[in-house]
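Student: return atomic coordinates for the entry below.
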Amino acid sequence: MKTFACINKNETIRINSSSGGVFSLLAENVLLSNGIVYGVSMTEDCYSAEFIRVSNLCEIKKLRGSKYFQAKIGNSYKRVKQDLIDGKIVLFTGTGCQINGLISFLKKDYANLICVDMICHGVPSPALWEKYAKFQEKKHGKKIESINFRCKDESWNDFGIKENNMYISKDKDLFMQLFLNDYCLRPSCYYCVAKKNKKSDITIADFWGIENLIPQMNDGKGTSLIIVRTEKGNKLFDQISSSMIVKNVEYKEAIKYNPSEYESVKKPMERKQFYKDMNNMKFENLAKKYLKLSLKTKVKRKLEIFINHISKKEKTGGHKMKQNSDYGLLFTFNNNQKNESRQI
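Tutor: Residues are numbered from 1 along each chain as shown. Next up, the predicted model:
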């Protein structure tokens, strides 16, 4: 394997991507070779996500950015197989388990198939997301028109949701907090076999800890961690490398701050009760119940932040480092006559 820290030289694409904007370069390269790209897009009502087939550059933006709940596969595997039989180069992007599912479905290797997965924390419930989206619509009296789960309006490391130009930091957004506290994941995510049996050609992730390894690539706008696992992946990566700032990194160092590469999150003891409550409680009451932190946990978190701050201050000789610590979620609501911007 080869491991890299990467930044797309196109600042606009990078800002609109989850991390360093590498996926867009991979997709563009395949499409310019008359290939096909499969990835996840939000549905028109913003209540769910689904895999779609993209054949032109204008549609890449639909696939750009993370979607933090399970997407519908639909008939995508069948369409991928037909494209491969027709001799098309196919780039399929998804979680590790979705990649493994496709490989199992195809039952044979295809030289014209390139699979790209992302380091996955786990997949939240689509039912919970729909419940949350409707909660936001009722709260603001408007229909959600678009959603950005990895908005970097504040910075990359501390992202948030942006809906209809309304931004909510991940530290304040109720859905993201339930996700990051691991209550709402699929049962298989707590015992993910795909982490032990990776079949992708390239893995993409946020390069958490980049400020410690390569400070000059830490400007708060997002840096991608790229793990090239196969010769096919290496060939495609080489074709896009001139469009990126690239630094070679040792694998063990690169994943030090991203344990989701190799281990599953722990299943909360309250998960079973959480799903019972999810079906019976209003979203705001559900979130309030499960996100109530104990005094002990609050003190521990503040202590960790304080120690981390002192450590960074010592490393920089007292100078303030550029932080990537306030990314958020951006919602766009339909106000019938105009879109309204709001930051929370």
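
Student: the strands in the chain, which residues?
Tutor: Per DSSP state E, the chain carries strands over the ranges 2-8, 36-42, 49-54, 90-94, 113-118, 143-151, 160-169, 202-206, 224-228, 244-248, 328-334, 342-343.

Student: report the angle between the fourth one and strand 49-54.
Tutor: Relative orientation of strand 90-94 versus strand 49-54 (axes from the mean of the first three to the mean of the last three Cα atoms, to 10 degrees): 170 degrees.

Student: what's strand 90-94 packed up against?
Tutor: helix 22-32, strand 36-42, helix 76-85, helix 96-106, strand 113-118 (3 or more Cβ pairs under 8 Å, 6 or more residues apart in numbering; DSSP states H and E). C-beta coordinates here come from the backbone N, C-alpha and C atoms, glycine included.

Student: now what about it, what contacts it?
Tutor: Strand 90-94 has contacts (Cβ atoms under 8 Å, 6 or more residues apart in numbering) with 23, 26-27, 30, 35-40, 51, 63, 71, 80, 83-84, 99, 102, 110, 112-118.

Student: show the buried residues in those.
Tutor: 23, 26-27, 30, 35-40, 51, 63, 71, 80, 83-84, 99, 102, 110, 113-118 (16 or more other Cβ atoms under 10 Å).

Student: pLDDT below threshold where in this protein?
Tutor: Low-confidence segments of the chain (pLDDT under 70): 153-159, 293-328, 331, 335-344.

Student: quick check, central residue of it?
Tutor: Ser66 (3.5 Å; Cα atoms, centre = their mean).

Student: please tell me how far the nearest residue to that residue once chain neighbours are set aside sits from Met42.
Tutor: Once flanking residues are discounted, Ser66 sits nearest to Ser18: 4.6 Å by Cβ to Cβ, 6 or more residues apart in numbering. Distance, Ser18 to Met42, by Cβ to Cβ, to the nearest Å: 14 Å.

Student: Tyr167 now?
Tutor: 17 Å.

Student: those two: who's more crowded?
Tutor: Tyr167 (26 against 20; other Cβ atoms under 10 Å).

Student: my guess is Asn10 meets Gly21, correct?
Tutor: Yes - with contact defined as Cβ atoms under 8 Å, Asn10 reaches Gly21; the gap is 6.6 Å.

Student: settle it for me: which of these two has more neighbours?
Tutor: Taking neighbours as other Cβ under 10 Å, Asn10 and Gly21 compare with Gly21 leading, 26 against 16.

Student: so what does that one have for phi and psi?
Tutor: Here is the backbone geometry of Gly21 (degrees, to the nearest 10): phi 80, psi 30.

Student: pretty sure it sits against Asn8.
Tutor: Yes - assessed by Cβ under 8 Å, Gly21 is found in contact with Asn8 at 3.2 Å.

Student: list residues touching both of the two?
Tutor: 14, 224.

Student: list the contacts for the residue nearest to Asn197 when sequence neighbours are not counted?
Tutor: Once flanking residues are discounted, Asn197 sits nearest to Asn100: 6.7 Å by Cβ to Cβ, 6+ apart. By Cβ under 8 Å, 6+ apart, the residues touching Asn100 are 194, 197, 199.

Student: what's the spacing between the first one and Gly101?
Tutor: Distance check for Ala194 against Gly101: by Cβ to Cβ, it reads 9 Å.

Student: beta partners of Ile202?
Tutor: Taking DSSP bridges as the rule, Ile202 bridges to Val116, Val228.

Student: before we move on, what about the one 4 residues further on?
Tutor: Counting by DSSP bridges, Asp206 is bridged to Ser224.

Student: contacting residues around it?
Tutor: Here Asp206 is in contact with 18-19, 119, 156, 222-225, 258 (Cβ under 8 Å, 6+ apart).
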